[in-house]
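Visitor: Here is my input, please return the structure:
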Amino acid sequence: GLSSHTVCNVTATDVTVKMPFTSYVGGICGQQNAYGGDTGNNILENVDVTGRTNVGGLMGYCVGWRTTGSKVINGSVTGYSSVGGLYGYQGMTGRAFEDHADWWIEKVTITATASTAGGITGQAASVYCNNPTVKDCVINGGAVAGGIVGGSVGTGSTYQNVNVIGCTISGDVTQDVAPN
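Guide: Presented below is the predicted three-dimensional model:
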């Protein structure tokens, strides 16, 4: 679905979303266009999310003012392109590190069969993030894979206090944080 508002404090277990021919697919929301809205403190466990493009364990597409404290633990996120543990595509409107902090992905297999895959987000534009953790994950990009971000659109993304721990990352181009 589409949300134009805040999506916070959602806890869900055994989440299955199978929409292999659909774009903007996520565990709790397909698309959030909430300039001024928040996404935070959401916890999903045991996810199995499949879509086409912009596929995320939490959301397929997110443009939020604040995106703090969300977690996806255990499962798989699969798509054709722009596939991420939390977000398939993520763009920011807030510019403070404390507004985009403490993301956690653990024991999730993230696969983009044709394009970009990332531990946190498959594709990012102007992302600021502080203290993201991707732990014990397998990240497979058909072309590009990153521990935090599969691919960046434009410039302006900044990451600090990055933790990529015990992950396997594969693709034509790979890097712990974000391929250039």
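Visitor: shaky segments in the chain?
Guide: Where the chain drops to pLDDT under 70, the residues are 1-5, 34-36, 93-95, 152-156, 176-180.
Visitor: what number of residues lie near K107?
Guide: 16 (other Cβ atoms under 10 Å). To be clear about C-beta, it is placed using only N, CA and C from the backbone, and glycine gets the same treatment.
Visitor: Y159 and V72: what is the separation?
Guide: 18 Å (Cβ to Cβ, to the nearest Å).
Visitor: ditto for T133
Guide: In terms of Cβ to Cβ, T133 sits 11 Å off from V72.
Visitor: and those two? which has more neighbours close in?
Guide: A side-by-side neighbour count of T133 and V72, using other Cβ under 10 Å, places V72 first with 31 against 18.
Visitor: residues contacting the residue lying closest to that one once chain neighbours are set aside?
Guide: Nearest residue to V72 in three dimensions, chain neighbours excluded: G57, at 3.7 Å (Cβ to Cβ, 6 or more residues apart in numbering). By Cβ atoms under 8 Å, 6 or more residues apart in numbering, the contact list for G57 reads 26-27, 44, 47, 49, 72, 75, 77, 84-86, 105, 108, 110.
Visitor: same deal with Y61?
Guide: Per Cβ under 8 Å, 6+ apart, neighbours of Y61: Y24, G26, G30, Q31, Q32, N33, N54, Y87, G88, Y89, Q90.
Visitor: got it, and T13?
Guide: L44, E45, N46.
Visitor: Kindly recompute the last result at 10 Å.
Guide: Under the criterion of Cβ atoms under 10 Å, 6 or more residues apart in numbering, the neighbours of T13 are I43, L44, E45, N46, V47, I73, N74.
Visitor: Relative to the whole chain's centre, how far out is the helix or strand containing it?
Guide: Assigned by DSSP states H and E, T13 belongs to strand 11-18. Centroid displacement of strand 11-18 relative to its chain, using Cα atoms, centre = their mean, to the nearest Å, is 15 Å.
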